[in-house]
Structures are given as structure tokens and as C-alpha cells.
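> sharing a sequence plus its predicted fold:
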Amino acid sequence: MRFGALGASCVLFGMMGAAAQSVPSCADLKLVPAVRECKAVKSFAIGAGGLRVISGVNPEDEFSAEDLGKGLYARGVPKARLNARTNQMTTIRLERVSSARAKEISDTSDEAYQIEPVGAHELVVRAATSAGIFYGAQTVKQLVRGAGKDAVLLVPTIRDWPAMPHRGISDDWSRGPLPNMEFLKREIRTLAAYKYNIFSPYFEHTFAYASTPVAAFPGGAMTPEEGKELVEFAAKYHITIIPEQEAFGHLHHVLKFEEYSKLGETPHGAVLAPGDAASLPQIGEWFGELAKVFPGPYAHIGADETDQLGLGRTHDQVAQQGLGKVYLDFFGEDS
């Protein structure tokens, strides 16, 4: 799976002793997603001197270094001792390079990075952007084997960049309990570790809109404040949140209420009536509220499962014009 393919996998890191195991090949690394170029794998025994992760003073790169260090130390990799000499430590260095130097890594992507050994005790991640640095650091997380005194850092020479600019998943928040913030942040961290950069929560009735407050039960819907908190958190991990709101079908949990049923194709149904003058303004209010919380470049307009269209208020219109035209005309109307 190339950097950019959809789907995620779990990587299990087995225990291995530095002396007892031979250095694996690039194919043995089983990096997820697969990198574009890999060669000449070396092995550094982290040993008693421990491991340190350093970066420049850019705040985003400092965050990548902190995230990488926390992830490795939490797995039992020994942290560098304060009194240890440099040649006793194993160092992972995150380094920004000039745009001219970055073109040697990739001239097609600003998310590209390079990994290579420097001397006998240092691995360097090079990139021109904070995203490249971050993604290189995520790859490094998969290059450590073992823990404690047996921890080994594998150091291949790698060049990598994404196959696709947009890499994400849709997460349905309308089919059961709404995940709490702790779970969602863990989900963001996990997706980022596999180089996803888009997270799309799916809403039918589970965002607390001011324009339709009755449909969103307290505790069962994301509030604007929670949405803003998640956006800010995800940005640190180079993930953009792109919300999806159903805007035609799948709206039973809104239209079942008497206050909103008048917007439906059928009474208390699941599909908005295209001919109702209030349908598009209602959709506009939803997406207007979402735009204030999720400032990404896109929004996802859900418009599937309109199986009730033509069975109620648009029956005659569908009979005269056809189902497809009535469906498409709804999205061509001026809002």
C-alpha cells in the first residue's frame, strides 16, 4: 500500500535482540504505508546511552520531535541519559532543508521526506516542510524494534512522498453512541501515524445546530465548542477535518419531529421535499454553522438514499419530469 492509499493496518513490533538477529532487508521492514524508495538497511543498538530526538526551533518540528519521542519512550525505548556523551547516544534528528535541496528528494510533493544514517549513531529525517518532517517521524516510529536494553533502531535510506494529496476516512457518528473526545483524539493520532490527512465525521442529526436544536440531544451530539477543539488538535497532526452533513435523504431523525416534518417529502419521513421553499435555506443554515467550526477547504454534502422521492409531495413532478431530473434540479436551485 503506497503512502496515500486508504485503509489502516496495525504493525506489531516483536522483541528482538541486537546480537541475535540479522539486519532485515527493506522488504522485511513491512512499513505501512509502503515507502517509494528504500535501500541499505543498517542497525543501531540503542544500548545504555539511550535515545534522543532533536529538531530545529520551528514549533511544528518541535511538536513532531516530541510526538516521536513520547511514542518511542512509551514502548520502553530508553531515553538518553543527561550525563551520557554524544557518542554513547543514538540520535534521531529532524532537519529542515532548503527548497532546492528538497527537489532532490521529490520535485512533485511538498510532503516528501528523506531518511538516512549519519555515522554510527544517528538517523536524520530531512524535509522542506513541517508535513514532510512529521511524516518522516511517523515512519521512524516503525523502525524501532524491541524495548529496554534490547531496543534496536533500523536505519534504511528512504525517499518517500504521497501517491495522493488527499488521504482520509469517513467516520459515521449517526449510528450509535457519539465517541467521546478522548477516543476521537486517539483516533486522530492513529490515523496520522499512517499518514492520513483528512478525517470526515458523518452527521445526520448529531451536530448541535442552533437552527435545529431539537434533533440533537445533549450528550448525543457534537457541540461547536467540541468541534473547534478537535479541529485544533487534528491540525497539529496535519489532519484536516471535513464534515459531511446529509442534505437530502437520511434525515429521519430530524424530520420525525413535528417542527421539521413539514420539510419532508412524506410526513415524518427521511427525505427532504425539493419543492419546499424552506428546504434549501435549512441546508444552508447547517453548512453555514459547520463552516464556522470546520474551516477546511471542503465540505461533504450527503445526498444518498432518497428512495422516498416521488412518493409524496413530488409525485406528480416526478411522473412528468422523471426521477433523475427532479433529483438533480434540487441541487441546481439557487439557495
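Sure thing, it's come through. For clarity, every value in this text was computed on a predicted model and none was experimentally measured. Residues are numbered from 1 along each chain as shown.
> which parts of the stretch 1-150 of the chain are helices?
26-29, 59-74, 99-105, 130-141 (DSSP state H, counting those that start in this stretch).
> what residues of the shortest one count as buried?
So the one you mean is helix 26-29. For helix 26-29, a neighbour-count test (16 or more other C-beta atoms under 10 Å) marks 26, 29 as buried. For glycine as for every other residue, the C-beta is placed from the backbone atoms N, C-alpha and C.
> what's it packed up against?
The contact analysis (3 or more C-beta pairs under 8 Å, 6 or more residues apart in numbering; DSSP states H and E) places helix 26-29 against strand 37-45, strand 152-160.
> which one of those has the poorest average confidence?
With a mean of 92, strand 37-45 has the lowest mean pLDDT of the helices and strands packed on helix 26-29.
> what stretches of the chain score poorly on pLDDT?
1-21, 83-84, 86-87, 333-335 (pLDDT under 70).
> is it fair to say residue 254 lies in a helix?
Yes. Per DSSP: H, G, I helix; E, B strand; the rest coil, residue 254 lies within a helix segment.
> what about it, how many neighbours?
When counting by other C-beta atoms under 10 Å, one arrives at 24 neighbours for residue 254.
> could you check how far the residue nearest to it when sequence neighbours are not counted is from residue 36?
In space, and not counting its chain neighbours, residue 254 is closest to residue 215: 4.5 Å by C-beta to C-beta, 6 or more residues apart in numbering. To residue 36, residue 215 is 46 Å away according to C-beta to C-beta, to the nearest Å.
> between the two, which one's more packed in?
With neighbours defined as other C-beta under 10 Å, residue 215 and residue 36 compare such that residue 215 has more, 22 against 15.
> hmm, the more buried one is touching residue 252, no?
No. Residue 215 lies out of contact with residue 252 (C-beta atoms under 8 Å); the separation is 10.2 Å.
> just list the residues touching residue 267, thanks.
261, 312 (C-beta atoms under 8 Å, 6 or more residues apart in numbering).
> quick check on it: phi, psi?
According to degrees, to the nearest 10, the main-chain angles of residue 267 amount to phi -60, psi 130.
> do you know how far it is from residue 307?
For residue 267 relative to residue 307 (C-beta to C-beta), the value is 16 Å.
> try residue 228
Residue 228 is 35 Å from residue 307, by C-beta to C-beta.
> ditto for residue 160
45 Å.
> neighbour-wise, which of the two wins?
residue 160 (27 against 12).
> now the more buried one. Nearest residue, chain neighbours left out?
residue 35 (4.2 Å).
> who touches that neighbour in this structure?
3, 139, 158, 159, 160.
> surely the third one touches residue 112?
What that stands for is residue 158. No. Using C-beta under 8 Å as the test, residue 158 is too far from residue 112 to be in contact (10.5 Å).
> domains in the chain, by residue range?
26-160, 168-332 (automatic domain parsing).
> measure how buried the closest residue to residue 323 other than its chain neighbours is and give me the count.
Distances taken as C-beta to C-beta, 6+ apart place residue 310 nearest to residue 323, at 5.7 Å, with adjacent residues excluded. Per other C-beta under 10 Å, the neighbour tally for residue 310 reads 19.
> among the helices of the stretch 1-150 of the chain, which is the most enclosed?
Among the helices of the stretch 1-150 of the chain, helix 130-141 has the highest mean neighbour count (mean count of other C-beta atoms under 10 Å), at a mean of 24.
> what sits up against that one?
3, 31, 35, 55, 58, 60-61, 64-65, 67-68, 71-72, 92, 94, 96, 102, 105, 110-115, 123, 125-127, 158, 160-161, 192-195, 197, 237-238.
> what's the answer for stretch 105-120, then?
42, 44, 93, 97, 102, 123-129, 131-133, 135-136, 139-140, 155-162.
> end to end, how far does it reach?
With C-alpha to C-alpha, to the nearest Å as the measure, stretch 105-120 spans 23 Å from end to end.
> can you pull the buried residues of it?
105, 106, 109, 111, 112, 113, 114, 115, 116, 117.
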